[in-house]
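Colleague: show me the folded form of this:
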Amino acid sequence: MENETAPSKWEGKHVAGVNGVTAEKIWTAVSDFCNVDKWFPRLDTCRRVEGSDGQVGLIRYCASTETKSDGSGAAAVTKWAKERLVKFDPIGRCISYEILENNVGFGSYAATVKVNPTDGGDEGVGCEIEWSFVADPVEGWKKEDLDSYVEFSLKHMTKKMEDYFLSA
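Modeller: Now for the predicted structure:
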């Protein structure tokens, strides 16, 4: 009998459409690396730690605070990550980043986010956001948990961007 081992890396890719908004407009939101808190669910803070906008090496700090109750009272718990921009391609409308430090349980994590134009369906305008990742397994999670988290977050982001740009 062969010895089966768990994969050494988790990989995934999710795509969500944005109706009625051009790829160029959505790119302005995706490429603004230090303002992901405007779009990402339950993210309270995103700020520059070092570097310049649109430049490889830019480091951001992202955090969310939740109130947890253990029966004896409520306590605020902050989950955070420092992330570095490792690719910025405005022609291909693509960014890649990696987690440097965090308290969420990630070891190695790298993601690429691309904005691709589509035919737009009935509105004639549209695009899609593609989010792919490669990560070490996260203790206490299954790969399906990370896939579900990325898919939920991407759908939330695209809906928020679509609503924002269509109402502007």
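Colleague: centre of the chain to stretch 58-78, how far?
Modeller: Its chain's C-alpha centre and that of stretch 58-78 lie 19 Å apart, by Cα atoms, centre = their mean, to the nearest Å.
Colleague: average pLDDT for that stretch?
Modeller: Taken as a whole, stretch 58-78 has a mean pLDDT of 85.
Colleague: what is the end-to-end distance of it?
Modeller: Stretch 58-78 has an end-to-end distance of 22 Å (criterion: Cα to Cα, to the nearest Å).
Colleague: buried residues, the longest strand anywhere in the chain. List them.
Modeller: In the chain, taking DSSP state E as the definition, the longest strand is strand 74-89. By neighbour count with 16 or more other Cβ atoms under 10 Å, strand 74-89 contains the buried residues Lys79, Ala81, Lys82, Glu83, Arg84, Leu85, Phe88. Heads up, the C-betas are built off the backbone N, CA and C, glycines and all.
Colleague: try stretch 139-148
Modeller: Within stretch 139-148, the residues scored as buried using 16+ other Cβ under 10 Å are Trp141, Lys143, Leu146, Asp147.
Colleague: pick out the most distant pair among these.
Modeller: In the buried residues of stretch 139-148, two members sit farther apart than any others by Cβ to Cβ. They are Trp141 and Asp147, at 10.1 Å.
Colleague: helices or strands next to the strand or helix carrying Lys160 in the packing?
Modeller: If you go by DSSP states H and E, Lys160 is part of helix 143-167. Judged by 3 or more Cβ pairs under 8 Å, 6 or more residues apart in numbering; DSSP states H and E, helix 143-167 is in contact with strand 10-19, helix 23-30, strand 126-135.
Colleague: contact partners of that helix?
Modeller: 7, 10, 12, 14-21, 25-26, 29, 38-41, 129, 131, 133, 135, 137-138 (Cβ atoms under 8 Å, 6 or more residues apart in numbering).
Colleague: buried subset of those, written for ChimeraX?
Modeller: Those of the contacts of helix 143-167 that count as buried under 16+ other Cβ under 10 Å are selected in ChimeraX with:
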select :10,12,14,16,17,18,19,20,21,25,26,29,39,40,129,131,133,135,137,138
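Colleague: helix, strand, or coil at the closest residue to Trp80 other than its chain neighbours?
Modeller: Closest residue in space to Trp80, ignoring its immediate chain neighbours: Ala63 at 4.0 Å, by Cβ to Cβ, 6 or more residues apart in numbering. What DSSP: H, G, I helix; E, B strand; the rest coil gives for Ala63 is strand.
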